[in-house]
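Asker: need a structure here:
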Amino acid sequence: MRAHILVAEDDRKQADLIRRYLEREGYEATVVHDGRVALDHARRRAPDLLLLDLMLPHLDGLGVCRALRPEDDIPIIMLTARAAEDDVLLGLAAGADDYLTKPYRPRELVARVTAALRRAARSSRAEPERYRVGELLVDLARHEVRAAGRPVNTTPAEFTILACLAASPGRAFTRELLLERLGGFDRDVTGRTIDMHVLNLRRKVEPVPTRPRYLLTVFGVGYKLAEPPEGATDSAS
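Answerer: Numbers count the residues shown, from 1 in each chain. Predicted coordinates:
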């Protein structure tokens, strides 16, 4: 079955170009030009992925993302003409999985779509949730971490951060999103607190903490867990 992509883009010429490139690659594409229509369409027929323009009439991309994200975990790629760091952070904080600034090359957009769908498929297959990247194993079901076969002791906050990243390998998480996950541990946590937890995790799991292989910094955004090679995410014991 072909993956269904919902394209929410108010520039009709640009939307048609995106549709043609997606269909050329074998995807099914539905195009809408209004934020409220996009939200309604996504709720009636959940797409496999949403391409979401930031500037939409009636309800902007951030509003669509904030409304849809608590209801569905479909991959969302934000399209924006705003390249400023704050705008990118807003999109990611609202729940977007990736972003692409205009002007972009259609082939790059299709490549981002393919990568996001691959990550989503990999995540949905993992039951119980075990993620392996090189010699790092994160077992969400057993609440265990192993590095090169040795057990790693983590604090509750450290495991929460690592579990969040491991659930969506390759996805960039802002410090704000990670702070939300830590809300139950300490009301006074800050972005600096996230940095310190990641630093401590690197000391525990990285072969060379100063040159991380697993817990990667996404400059200007936050952190992500490196993506495992194809077939490396497993549920075997």
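
Asker: What residues does Arg69 make contact with?
Answerer: Under the criterion of Cβ atoms under 8 Å, 6 or more residues apart in numbering, the contact list for Arg69 reads 76, 94-95. For the C-beta atoms, the positions are set from N, CA and C on the backbone; glycine is no exception.

Asker: Low-confidence bits of the protein, can you list those?
Answerer: With pLDDT under 70 as the threshold, the chain has low-confidence stretches at 1, 82-87, 122-129, 183-191, 228-237.

Asker: swap the cut-off to 80 and go again
Answerer: Counting by pLDDT under 80, the chain contains low-confidence ranges at 1, 70-73, 82-93, 119-130, 141, 180-192, 228-237.

Asker: Can you name the residues that contact Asn153?
Answerer: Lys204.

Asker: hmm, back to that, compare the contacts of Arg69 and tell me which has the most neighbours.
Answerer: The most crowded member of the contacts of Arg69 is Ile76, carrying 28 neighbours; neighbours defined as other Cβ atoms under 10 Å.

Asker: Would you agree that one is in contact with Ala96?
Answerer: Yes - taking Cβ atoms under 8 Å as the definition, Ile76 is a contact partner of Ala96 at 4.8 Å.

Asker: so what sits against both of those two?
Answerer: Shared contacts of Ile76 and Ala96, defined by Cβ under 8 Å, 6+ apart, comprise 52, 65.

Asker: coming back round to it: and the contacts of Arg69, which is closest to Lys13?
Answerer: Distance ranking of the contacts of Arg69 against Lys13, using Cβ to Cβ, places Ile76 first at 22.6 Å.

Asker: so how far is Ala157 from the residue of the chain most remote from its centre?
Answerer: Checked against the mean C-alpha position of the chain, the extreme residue using Cα atoms, centre = their mean is Arg150, at a distance of 28.5 Å. Look at Arg150 and Ala157: by Cβ to Cβ, to the nearest Å, they are 21 Å apart.
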